[in-house]
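J.: Coordinates for the following, if possible.
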Amino acid sequence: MTTKHFDYLDGWRGVAISFVLIGHFFPVPGFDFGPLGVVFFFVLSGLLMARLLFITETPLPTFYRRRISRILPAYLAFIALVTLATAAGGGEIKLDEVLASVFFLKNYVSGQEMPLGHIWSLSVEEHSYIILSLVALAARRKRVRPLFGVGLLTLLCAACAVAYALSVSNHAMRFKYGLHTEVAGLGIALSVFLHLALRGRRIPHATLAISVLIAIGIALYWWKTPAGIQILGGVTVLALAVNLLPSASAGLQRILSVRALRLLGLWSFSIYLWQQPFYLWASHGVMPKWVALLAALGCSLVSYYMLEKPARDYLNQVRFKPRYSVQG
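T.: Numbering: from 1, shown residues only. I've put the predicted structure just below:
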């Protein structure tokens, strides 16, 4: 079974990684574009997981093989190279950071000595894949209705976000508890729920609504917005925006489908991995920001074309030998 590919979703991914790069290398005073870009990624992941797990009902072994082939080769190579580079530069190897990153626990293990801090968001994604696949399995076995199961998961995440926001400081919410899967996973879960709820419906004035929702999302990432409101509000408006895209005008879909955005979306995982060390070096004055950005993009392209894509193609076409063709 196949799922239809939409170029404008690649473009949305391109916007997401663009916001991360802007937030890190050329920050806009007063706005947190880095975290905003991460939420763009999360809500897109939710939409795609809804299609794969609940609509096309991709077999779970195939689902996991696809996730492994897409992520692990480039990811493990990145961790190994960062560790070697840290050692070669005379830096301290923090074993807890390395192990937390390898096992996708970085969002629960603090530490910024090595350039692995951004792995927190990938950890949220991996945890969400597992949780959503369990909900999908229960739904396929008629133990729970998909919309109810995902809705309950969404409410639990929202409840955790509210509980933390009311009980911890704004700083702790922003830099610790807001990174935990039970909070940050809200964007993915809510997007799955909305995709299932809106499936097959044409929403009037969707283009205008998307424009307003994105504007609100950006406004919520003004730096003085309380972290709890930022997380809950930003996730809600952007999850709704991405799920309105099928009803958007052809003009908006064409804008998101321009080649530059689609290419950024195609390379986004490798860019996500490699921008972090260069961003930190630029922040510490090791190199100018433009040089750091170009170097990060160069490493990302090498990673994509020399490792990420060949490894994914080899695993999917040779080692895993899938019986189903699924995009995601």
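J.: what stretches of the stretch 51-200 of the chain score poorly on pLDDT?
T.: Along the stretch 51-200 of the chain, the parts satisfying pLDDT under 70 run over 112-113.
J.: how about the helices in it?
T.: Counting by DSSP state H, counting those that start in this stretch, the stretch 51-200 of the chain has helices at residues 60-88, 95-102, 119-140, 146-167, 170-175, 181-184, 186-198.
J.: what separates the next helix or strand after the last one from the chain centre, distance-wise?
T.: Right, helix 186-198. Moving toward the C-terminus from helix 186-198, the first helix or strand encountered (DSSP states H and E) is helix 206-220. Centroid separation for helix 206-220 versus its chain: 19 Å, with C-alpha atoms, centre = their mean, to the nearest Å.
J.: Run through who's touching helix 206-220.
T.: Residues from elsewhere that reach helix 206-220, judged by C-beta atoms under 8 Å, 6 or more residues apart in numbering: 31, 36, 39, 203, 229-230, 233-234, 237-238, 240-241, 244-245, 247-249, 251-252. In this view, the C-beta of every residue, glycine as well, is placed from N, C-alpha and C.
J.: From the residues you listed, which land in helices?
T.: 36, 39, 229-230, 233-234, 237-238, 240-241, 244, 251-252 (DSSP state H).
J.: Just the buried ones from the residues you listed?
T.: The neighbour-count test (16 or more other C-beta atoms under 10 Å) marks 36, 39, 230, 233-234, 237-238, 240-241, 244, 252 as buried among those.
J.: Would you format the residues you listed as TSV with pLDDT and distance to L264 included?
T.: Shown next, in TSV, are these (pLDDT from 0 to 100; distance: C-beta to C-beta, whole Å):
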residue	pLDDT	distance to L264
L36	97	16
V39	98	17
Q230	95	25
G233	96	26
G234	95	21
V237	98	22
L238	98	18
L240	98	23
A241	98	18
L244	98	22
L252	97	17
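J.: so which pair among those is furthest apart in space?
T.: Farthest pair in those (C-beta to C-beta) is Q230 and L252. Separation: 25.4 Å.
J.: Quick one: residues contacting the closest residue to L264 other than its chain neighbours.
T.: Nearest residue to L264, sequence neighbours excluded (C-beta to C-beta, 6 or more residues apart in numbering): G14, at 3.5 Å. Going by C-beta under 8 Å, 6+ apart, G14 touches 256, 260-265, 268.
J.: F148 and L155, how far apart?
T.: 10 Å (C-beta to C-beta, to the nearest Å).
J.: can you check K4 too?
T.: Taken as C-beta to C-beta, the span from K4 to L155 is 30 Å.
J.: Specify which residue of the two has the higher count of neighbours.
T.: Using other C-beta atoms under 10 Å as the criterion, K4 and L155 rank with L155 on top: 14 against 7.
J.: M114 contacts A85, correct?
T.: No: taking C-beta atoms under 8 Å as the definition, M114 is not a contact partner of A85, at 9.6 Å.
J.: who's more crowded, those two?
T.: Neighbour count, other C-beta under 10 Å: between M114 and A85, M114 has more, with 22 against 13.
J.: Quick check: nearest residue in space to the more buried one, chain neighbours excluded?
T.: The shortest distance from M114 to any residue other than its chain neighbours is 5.0 Å, reached at E97 (C-beta to C-beta, 6+ apart).
J.: what's the answer for C157, then?
T.: Nearest to C157 is L186, by C-beta to C-beta, 6+ apart, at 3.9 Å.
J.: Which two of the ones in helices among the contacts of helix 206-220 have the greatest separation?
T.: Greatest spatial distance among the ones in helices among the contacts of helix 206-220 (C-beta to C-beta): I229 and G251, at 32.1 Å.
J.: coming back round to it: would you mind listing which of the contacts of G14 are buried?
T.: Buried, going by 16+ other C-beta under 10 Å: 256, 261-262, 264-265, 268, out of these.
J.: got the residues you listed as CSV, with pLDDT and secondary structure columns?
T.: Putting the buried ones among the contacts of G14 into CSV (pLDDT from 0 to 100; DSSP: H, G, I helix; E, B strand; the rest coil) gives the following:
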residue, pLDDT, secondary structure
L256, 97, helix
L261, 97, helix
R262, 97, helix
L264, 98, helix
G265, 97, helix
S268, 98, helix
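J.: nearest to L122, of the residues you listed?
T.: Using C-beta to C-beta, S268 is the member of these that lies nearest L122, at 11.9 Å.
J.: Identify the residues contacting that closest one.
T.: Contacts of S268 (C-beta under 8 Å, 6+ apart): 13-14, 16-17, 41.
J.: Tell me the one among those residues nearest to Y64.
T.: Of the contacts of S268, the one sitting nearest to Y64 (C-beta to C-beta) turns out to be F41, at 19.8 Å.
J.: thought that closest one was touching A16?
T.: Yes: assessed by C-beta under 8 Å, F41 is found in contact with A16 at 4.7 Å.
J.: And for the closest residue in space to A158 that isn't next to it in sequence, the neighbour number?
T.: Spatially, and ignoring its direct neighbours in sequence, A158 is nearest to L186 (5.9 Å; C-beta to C-beta, 6+ apart). Here the number of neighbours of L186 (other C-beta under 10 Å) works out to 31.
J.: Many thanks, have a good one.
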